[in-house]
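1. using only what follows, build the 3D model:
(chains A, B, C and D)
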Number of protein chains: 2
Amino acid sequence: MSSTPEKRALRKSPAERSAEILEAAREIALEEGLTALTLRNVAARVGVASGLVAHYQPTMDTLVSSTFATIVAAETQEVAGLLSQQPGPPERLGLLVETLLDNSRLDVTAIWVEAWTLGRRNEALAASVREQMDAWQKVFQGVVEDGNASGDFNVSDAAAVAWQILGMVDGLNAQALVRWNGITDRGTHLAHAVEGMVGAARGSLATTPGV
Amino acid sequence: MSSTPEKRALRKSPAERSAEILEAAREIALEEGLTALTLRNVAARVGVASGLVAHYQPTMDTLVSSTFATIVAAETQEVAGLLSQQPGPPERLGLLVETLLDNSRLDVTAIWVEAWTLGRRNEALAASVREQMDAWQKVFQGVVEDGNASGDFNVSDAAAVAWQILGMVDGLNAQALVRWNGITDRGTHLAHAVEGMVGAARGSLATTPGV
DNA sequence: TTTCTTGTTGATCGCACGATCAACAATGCT
DNA sequence: AGCATTGTTGATCGTGCGATCAACAAGAAA
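-> Here you go, the predicted structure:
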């Protein structure tokens, strides 16, 4: 017999409320996808009226776009940070490939795939997608160039090869999204593939087990 | 001053009308994507009332699913057909990779990517996606096994490698969808990658120019 | 010609979306 | 205490979606 819990949301500072909305958007995107990022959905999670979300966000398109950028940029930062601890380019490239294929970030992969198609009808999102892809490509390109300099790799066009590796990783992850079960040794196979591309010795990207 | 062209659609046999609807659905999917596959959209293209489309299709979900399957299966058939004319496994695998990356089928790629996410909310579509992925994987697996038998390749798990190559191709194509410009030599780089995976000599998958 | 079958229409329901805005009320200031 | 500021509400508009179904009319059968 308690009263319905529909109280009026308590007043907060614009900065605080805005942050709440962005955080709710982030959670919804990760849990239900970018498509579920609607005015009413975000409002419900924050616990406010739908009009309030619209008041803080000029347009849902931009919220979708910025939410995508936030999530993806965080992942890039996180993974790129792991690389610095590795001794050399082969180990860095191996770790990079292995880490990205470890299936612990499938929620982010789902967002990537969704963004690719949503970007066709959301120009702001399309711009974010291109931006974040560039960021990822630069991470790969840096490792490839380092390997060239150290003599571990032999690549004439590091930028192109970086794009290729990125595309492969994306494709394999997208595949895991649909066909999650069954395939094993994805990291090993991809490592061999990358060895072929960068001209490294077969097995030189082997990941150290037990890390 | 001619009369408005909104005549009543002339009566056709169920088989004929049904075929018209399926064909319209196919065109819409290729031109505007699976998301644009709505009752009213299909009806407008055929030139009939929306209710008629619903009358021939139990559910839009199944129309989306079957349209996806039709388009993708046709592509698989077409590309698989090209392989039989090649002399040996290396040439077949090379042609396969090159053909799939030639950017002439980006409309189909867009449908693939869309299906991956739409499948999360459309079980019939998800089933179709898995089915068509299996079909593609079998094409690759066949070539890899032939190469193993002939001694051109050296692969312990042909099925897994086939999945990998398929994933790579999908990823690179999806990438081309968003970053269409800039990257060159995609075929060559991927060929080297695949060489690394199947244990073929570097350059053995080189595509014969001018075909 | 008349009757019957059936392909076809279009209004309609319920729902969800983004966006807008007048009204409201909590808070801080004087 | 009274007032002004401003964070917040919720109804509302227009659009588009899938689905449903009584009414209609074209063509075949009698």
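2. pLDDT weak spots in chain A?
-> A:1-6, A:180-184, A:207-211 (pLDDT under 70).
3. domain parsing for it?
-> Split into domains by automatic domain parsing, chain A comes to A:12-57, A:59-198.
4. quick one: end-to-end distance for stretch A:48-62.
-> Criterion Cα to Cα, to the nearest Å; first-to-last residue distance in stretch A:48-62 is 20 Å.
5. helix, strand or coil for residue A:201?
-> What DSSP: H, G, I helix; E, B strand; the rest coil gives for residue A:201 is coil.
6. likewise residue A:87?
-> Quick answer, by three-state DSSP: residue A:87 is coil.
7. over to residue A:9?
-> coil.
8. what's the neighbour count on residue A:99?
-> Residue A:99: 17 surrounding residues under other Cβ atoms under 10 Å in any protein chain shown. Bear in mind the C-beta positions are built from the backbone N, C-alpha and C, glycine included.
9. got the contact list for the closest residue to it other than its chain neighbours?
-> Closest residue in space to residue A:99, ignoring its immediate chain neighbours: residue A:79 at 5.7 Å, by Cβ to Cβ, 6 or more residues apart in numbering or on different chains. Counting by Cβ atoms under 8 Å, 6 or more residues apart in numbering or on different chains, residue A:79 touches A:96, A:99-100, A:139.
10. what about the closest residue to DNA strand D within chain A, helix or strand, and which?
-> Nearest residue of chain A to DNA strand D (Cβ to the nearest atom of the strand) works out as residue A:51 at 2.0 Å. For residue A:51, the element it lies in under DSSP states H and E is helix A:50-56.
11. still on that earlier bit, using JSON lines, lay out the domains of chain A together with distance to DNA strand C.
-> Shown next, in JSON lines, are those (distance: least, Cβ to the nearest atom of the strand, whole Å):
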{"stretch": "domain A:12-57", "distance to DNA strand C": "3"}
{"stretch": "domain A:59-198", "distance to DNA strand C": "4"}
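12. quick check: the spatially most central residue of chain A vs residue A:120, distance?
-> For chain A, residue A:72 is the residue whose C-alpha lies nearest the centre (Cα atoms, centre = their mean; 3.6 Å). The spacing between residue A:72 and residue A:120, counted by Cβ to Cβ, to the nearest Å, is 18 Å.
13. quick one, helices of chain A?
-> With helices called from DSSP state H, chain A shows them at A:14-32, A:39-46, A:50-56, A:60-83, A:89-100, A:106-118, A:123-150, A:158-178, A:186-198.
14. which of these sits most buried?
-> helix A:186-198 (a mean of 25; mean count of other Cβ atoms under 10 Å in any protein chain shown).
15. hmm, that helix in reach of chain B?
-> Yes - using Cβ under 8 Å from any Cβ of the partner chain, helix A:186-198 reaches chain B at A:186, A:189-190, A:192-197.
16. could you give the separation of that helix from the chain centroid?
-> Centroid displacement of helix A:186-198 relative to its chain, using Cα atoms, centre = their mean, to the nearest Å, is 21 Å.
17. now do it and helix B:158-178, the angle between them.
-> Using axes from the mean of the first three to the mean of the last three Cα atoms, to 10 degrees, the direction of helix A:186-198 lies 60 degrees away from that of helix B:158-178.
18. for helix A:186-198, packing partners?
-> If you count contacts as 3 or more Cβ pairs under 8 Å, 6 or more residues apart in numbering or on different chains; DSSP states H and E, helix A:186-198 packs onto helix A:89-100, helix A:158-178, helix B:158-178, helix B:186-198.
19. distance from the second one to the middle of the chain?
-> When you say that, I think you mean helix A:158-178. With Cα atoms, centre = their mean, you get 12 Å for helix A:158-178.
20. not counting its neighbours along the chain, what's nearest residue A:37?
-> In this structure, residue A:37 finds its nearest non-sequential neighbour in residue A:64, 5.2 Å apart by Cβ to Cβ, 6+ apart.
21. contact partners for residue A:118?
-> Remark: with contacts taken as Cβ under 8 Å, 6+ apart, residue A:118 is in contact with A:34-35, A:64, A:125.
22. same check on residue A:21?
-> Contacts for residue A:21 (Cβ under 8 Å, 6+ apart) come out as A:42, A:46, A:53, A:56-57, A:63.
23. returning to what we had before: quick one: the residue nearest to residue A:37 from residue B:201, how far?
-> In this view, residue A:64 and residue B:201 are 47 Å apart by Cβ to Cβ.
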